[in-house]
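> what's the 3D shape of this:
(one chain, ligands or ions: 2)
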Amino acid sequence: MDKRHFLGAAASAAALPFAAQAARPARNDACGPALLTVTGAIANSNRGPLDPVLDQMMHKHGVTFTQAWAFDYASLMAPAPQTIRPTLEYDGKPHTLRGPLLLDVLARAGARLNDKGILVLRAVDGYNVELPVAQARARRFIVATHIDGNPMPLGGLGPLWAVYDADRVPDMAALPLPQRFAACPWALYHVDVKA
Ligand SMILES: Nc1nc2c(c(=O)[nH]1)N[C@H]1C(S)=C(S)[C@@H](COP(=O)(O)O)O[C@H]1N2
Ligand SMILES: [Mo]
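Ligands and ions are numbered 1, 2, ... in the order given. Take a look at the predicted model:
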């Protein structure tokens with residue numbers, strides 16, 4: 001699309017009468033785009049099945065589902081935020097990370113979180129990891145939204161980073177820094193719950 005067409009399209013969208021805009025069916029009650037989609041063993045659903053046309057990135061990553069719970073930024077902020085301060089491998093310094101517990105987020109989707117379950121955490125670059133539910137619980141994984149008081153950008157470690165306080169988990173604190181965060185996808189956007 002060239003710039004002239006783009007501007008034309010934007011102008012005509014802006015000119016749509018309010019009634020026409022309001023008549024557009026809402027996909028869910030979210031106010032912003034979905035940042036995290038949870039699928040698999042969940043009881044709640046606020047969107048339809050994977051759409052192989054419009055859900056391009058998930059489609060390319062081989063994700064399939066019939067029902068899902070999509071979180072926008074505000075809905076992710078609903079569970080009580082936690083603060084952790086692990087030493088990060090990138091600069092060897094402690095940083096303050098804040099966000100809800102991963103399992104609290106998944107509970108909102110009605111996830112079945114038994115201790116034999118597995119969570120597949122997937123990031124926008126395709127990186128994915130199988131995290132046992134028991135480990136997510138024991139290590140108190142959070143879905144970090146903020147680092148050192150600032151929201152984490154896409155292009156950095158955000159907007160969501162599944163991470164834990166490695167300094168406070170003796171087994172992990174004993175490892176060299178580059179071995180502590182392999183189970184921590186930055187730019188997390190999808191979690192598949194395997195009960
Ligand atoms: N999205 C994403 N998260 C990731 C990775 C990655 O490649 N992509 N690498 C993992 C691994 S194997 C490690 S050791 C740490 C640090 O890797 P990085 O230097 O690629 O961030 O992040 C983890 N999280
Ligand atoms: Mo790694």
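> what about residue 95, neighbour count?
16 (other Cβ atoms under 10 Å). C-beta: built from backbone N, CA, C; applies to glycine.
> does it touch residue 149 like I think?
No: the pair residue 95 and residue 149 does not pass the contact test of Cβ atoms under 8 Å, sitting 10.2 Å apart.
> residues in the chain within reach of ligand 1, list them.
123, 125, 127, 178, 181, 182, 184, 185, 186, 187 (Cβ under 6 Å from any ligand atom).
> residue contacts, the residue lying closest to the fourth one once chain neighbours are set aside?
Leaving aside its sequence neighbours, residue 178 sits nearest to residue 89 (Cβ to Cβ, 6 or more residues apart in numbering; 5.2 Å). Under the criterion of Cβ atoms under 8 Å, 6 or more residues apart in numbering, the contact partners of residue 89 comprise 177, 178, 180, 181.
> please, which helix or strand holds residue 89?
Using DSSP states H and E, residue 89 sits in no helix or strand.
> now do it against residue 69, distance only.
Remark: distance between residue 89 and residue 69 (Cβ to Cβ, to the nearest Å) = 31 Å.
> what of residue 104?
Counting by Cβ to Cβ, the gap from residue 104 to residue 69 is 13 Å.
> pick out whichever of the two has more residues nearby.
Using other Cβ under 10 Å as the criterion, residue 104 and residue 69 rank with residue 69 on top: 25 against 16.
> residues touching the residue lying closest to that one once chain neighbours are set aside, list them.
Excluding its sequence neighbours, the residue lying closest to residue 69 (Cβ to Cβ, 6+ apart) is residue 109, at 3.5 Å. Shown in contact with residue 109 (Cβ under 8 Å, 6+ apart): 38, 42, 43, 44, 69, 71, 193.
> for those residues, pick the one with the most neighbours.
Of all the contacts of residue 109, the most densely surrounded is residue 38 (27 neighbours; neighbours counted as other Cβ under 10 Å).
> between the contacts of residue 89, which sits nearest ligand 1?
Nearest to ligand 1 among these is residue 181, at 4.4 Å by Cβ to the nearest ligand atom.
> can you list the low-confidence ranges for the protein?
For the chain, applying pLDDT under 70 flags the ranges 1-30.
> can you list the residue ranges for strands in it?
36-40, 68-71, 81-84, 97-100, 118-123, 128-132, 142-144, 146-147, 150-151, 161-163, 188-194 (DSSP state E).
> most tightly surrounded among those strands?
Of the strands of the chain, the one with the most neighbours on average (mean count of other Cβ atoms under 10 Å) is strand 142-144, at a mean of 28.
> next one: it to chain centre, how far?
9 Å (Cα atoms, centre = their mean, to the nearest Å).
> show me the contact partners of it.
36, 76, 82, 84, 97-102, 105, 152, 157-158, 160-164, 188.
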